[in-house]
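Asker: Next comes the sequence, and after it the predicted model I'd like to discuss.
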Amino acid sequence: MLMPSIFGERLFDNFFDFPFGNYSGNTAMKTDVKEKDGNYELAIDMPGFKKEDLKAELKDGYLTISASTNKNNDEKDKDGRYIRRERYTGSCRRSFYVGEAVTQEDIKAKFEDGILKVLVPKKETQPKVEENKYIAIEG
């Protein structure tokens with residue numbers, strides 16, 4: 001027998017969000033995509049990352065943006081004892097299909113104020129024209 005739940009379907013969701021945020025992977029690399037002047041403009045949130053932490057790769061029509069960071073915030077008092085010691089290591093990656101007609105030189109990227117802006121031209125993939133290949137017949 002099914003009973004209605006007074007807690008809803010997600011009893012522990014709010015519990016695990018407090019106070020450190022959601023680590024389920026849904027919040028990493030939030031992206032806004034706009035179509036503008038024959039281009040796609042991607043605005044990717046990258047808080048806490050530096051330009052040196054970011055990589056963009058184009059392979060087989062997929063644009064892959066990846067980021068990794070390693071932070072160490074050690075603080076010691078005058079006697080060399082730790083007062084605070086925090087470490088964070090993290091990485092994230094996201095891929096977008098941009099088409100095989102787009103080349104590396106076509107894509108422009110700029111990182112400013114924690115937001116990576118990527119401009120990708122909107123190119124239509126031209127269907128390949130089938131060539132007839134004849135075999136010479138001797139005789």
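Answerer: Cool, got the structure. The shown structure was predicted, so the numbers you read here are calculated from the model rather than taken from an experiment.
Asker: Not counting its neighbours along the chain, what's nearest P47?
Answerer: G114 (4.8 Å; CB to CB, 6 or more residues apart in numbering). From N, CA and C alone the C-beta is placed, and that goes for glycine too.
Asker: Likewise for N70?
Answerer: Closest to N70 by CB to CB, 6+ apart is T89, at 4.9 Å.
Asker: related to what we said a few turns ago, the residue nearest to P47 contacts K50, doesn't it?
Answerer: No. With contact defined as CB atoms under 8 Å, G114 does not reach K50; the gap is 9.6 Å.
Asker: mind listing the strands for this structure?
Answerer: Counting by DSSP state E, the chain has strands at residues 31-36, 39-45, 54-59, 62-76, 82-97, 108-112, 115-121.
Asker: so which of these comes closest to A136?
Answerer: strand 54-59 (39.2 Å; CB to CB).
Asker: Quick check: can you name the pairing partners of that closest one and their directions?
Answerer: strand 62-76 (antiparallel) (DSSP bridges).
Asker: The strand it pairs with: which residues count as buried?
Answerer: 63, 65, 67, 69 (16 or more other CB atoms under 10 Å).
Asker: now that strand against strand 108-112, angle please.
Answerer: For strand 62-76 against strand 108-112, the angle by axes from the mean of the first three to the mean of the last three CA atoms, to 10 degrees is 20 degrees.
Asker: Touching strand 62-76 from outside, list them.
Answerer: For strand 62-76, the external contacting residues (CB atoms under 8 Å, 6 or more residues apart in numbering) are 29, 44, 46, 48-50, 53-58, 82-98, 102, 107, 116, 118, 120.
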